[in-house]
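Engineer: sequence unknown, structure follows:
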């Protein structure tokens, strides 16, 4: 797999401010197109840029053009969801010499129904191997890429991940649970175009049945723990499996969001709605 100049032009990878990106994620290591660099960049991104949908809750458009993503995630130091995270990460990898194929996935999370392909993930070549990289899943998402090979278990951040093949074309990413493996999402290796993500992003950010239009979601990943805010419920889990959950008050919401890496102006905080709110408050 080799990324062509035409493909880089489609995704506007040449417009990426590489130095600003590396500064945003606090990465100062080597930048060659190697497995070690891919792992380091992936972990640095996941633990530095939060997963969040707050602009959707505030009634704002989610831009997935590279200039728009850079302005939000790098300059304003906000977070985002899968399209924003993985389009940005793919551009960085291409600029550093990695070959990247942008893929689409169907989220499962234990759901038996077949859902639309509204998640974005990446197939990355590093050295002689291919890797599934995904810095934008949230929830139980990856800290580091996993080998694109069936049955290989990857231990990271107190969790185990594994890829399985259900059919000749379809792969499934799974994470370990006490009772067995949980299917996170399924995907194929067919490369997607920017127009595919434009449609998926429109659905995900506007449709009333999307999981991102009816509630506030924010998450911060640390090497040994994850902090997740769903509406006003804060869940903190660590590598040992211990889980603590509590309700967040209006008075502490701004402070908590800053802890998650998200700084909002007072007017923006007011657009997030009262505790338990399930609808847009923005216009």
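Structural biologist: Sure, I can see it. Source: prediction; values computed, not measured.

Engineer: list the buried residues in the helix or strand hosting residue 221.
Structural biologist: Using DSSP states H and E, residue 221 falls within strand 217-222. For strand 217-222, a neighbour-count test (16 or more other Cβ atoms under 10 Å) marks 217-221 as buried. The way it works is simple: take the backbone N, C-alpha and C, and place the C-beta from them, glycine included.

Engineer: same list, these, but as a markdown table with distance to residue 143 and pLDDT please.
Structural biologist: Converted to a markdown table, these look like this (distance: Cβ to Cβ, whole Å; pLDDT from 0 to 100):
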| residue | distance to residue 143 | pLDDT |
| --- | --- | --- |
| 217 | 19 | 96 |
| 218 | 18 | 97 |
| 219 | 13 | 96 |
| 220 | 13 | 94 |
| 221 | 7 | 92 |
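
Engineer: next up, the contacts around residue 130.
Structural biologist: If you count contacts by Cβ atoms under 8 Å, 6 or more residues apart in numbering, residue 130 has them with 1, 123-124, 147-148.

Engineer: beta partners for it?
Structural biologist: Beta bridges link residue 130 to residue 125 when assigned by DSSP bridges.

Engineer: how near is it to residue 146?
Structural biologist: 10 Å (Cβ to Cβ, to the nearest Å).

Engineer: now residue 245
Structural biologist: Distance from residue 245 to residue 146, by Cβ to Cβ: 28 Å.

Engineer: more neighbours: those two, which one.
Structural biologist: Higher neighbour count among residue 245 and residue 146: residue 146, with 19 against 11, using other Cβ atoms under 10 Å.

Engineer: surely that one touches residue 159?
Structural biologist: No - the pair residue 146 and residue 159 does not pass the contact test of Cβ atoms under 8 Å, sitting 11.1 Å apart.

Engineer: quick one: mean pLDDT for stretch 106-116?
Structural biologist: For stretch 106-116, mean pLDDT rounds to 87.

Engineer: number the chain from 633, please
Structural biologist: Understood, numbering begins at 633; the last thing we discussed is stretch 738-748.

Engineer: who wins for most neighbours among the contacts of residue 762?
Structural biologist: residue 756 (25 neighbours).

Engineer: over to the nearest residue to residue 755 once chain neighbours are set aside: give its phi and psi.
Structural biologist: With Cβ to Cβ, 6 or more residues apart in numbering as the criterion, residue 755 has its nearest non-adjacent residue at 4.2 Å, and that residue is residue 733. Residue 733 adopts backbone torsions of phi -110, psi 130, taken as degrees, to the nearest 10.

Engineer: residue 733 and residue 888, how far apart?
Structural biologist: Distance from residue 733 to residue 888, by Cβ to Cβ: 37 Å.

Engineer: need the residues that contact stretch 885-902.
Structural biologist: Contacts for stretch 885-902 (Cβ under 8 Å, 6+ apart): 680-682, 684, 686, 690, 709-711, 850-852, 859, 861, 864, 866, 880, 904.

Engineer: which among those residues count as buried?
Structural biologist: Going by neighbour count (16+ other Cβ under 10 Å), these have 680-682, 684, 686, 690, 710-711, 850-852, 859, 861, 864, 866, 880, 904 buried.

Engineer: picking up where we left off before, so which of the contacts of residue 762 sit within strands?
Structural biologist: Using DSSP state E, the members of the contacts of residue 762 that fall in strands are 755-756, 779.

Engineer: number of residues surrounding the residue lying closest to residue 857 once chain neighbours are set aside?
Structural biologist: Setting aside the residues directly before and after it, residue 857 is nearest to residue 870 in space (Cβ to Cβ, 6+ apart), at 4.3 Å. Each residue near residue 870 was counted by other Cβ under 10 Å, and the total is 14.

Engineer: what of residue 757?
Structural biologist: Residues lying near residue 757 (other Cβ under 10 Å) number 19.

Engineer: what do you get for residue 746?
Structural biologist: For residue 746, the count of nearby residues is 9 (other Cβ under 10 Å).

Engineer: now it, nearest residue through space, not along the chain?
Structural biologist: Nearest one to residue 746, counting by Cβ to Cβ, 6+ apart, is residue 738 at 6.7 Å.

Engineer: same question for residue 698.
Structural biologist: Residue 698 sits nearest to residue 644 (Cβ to Cβ, 6+ apart), 4.3 Å away.
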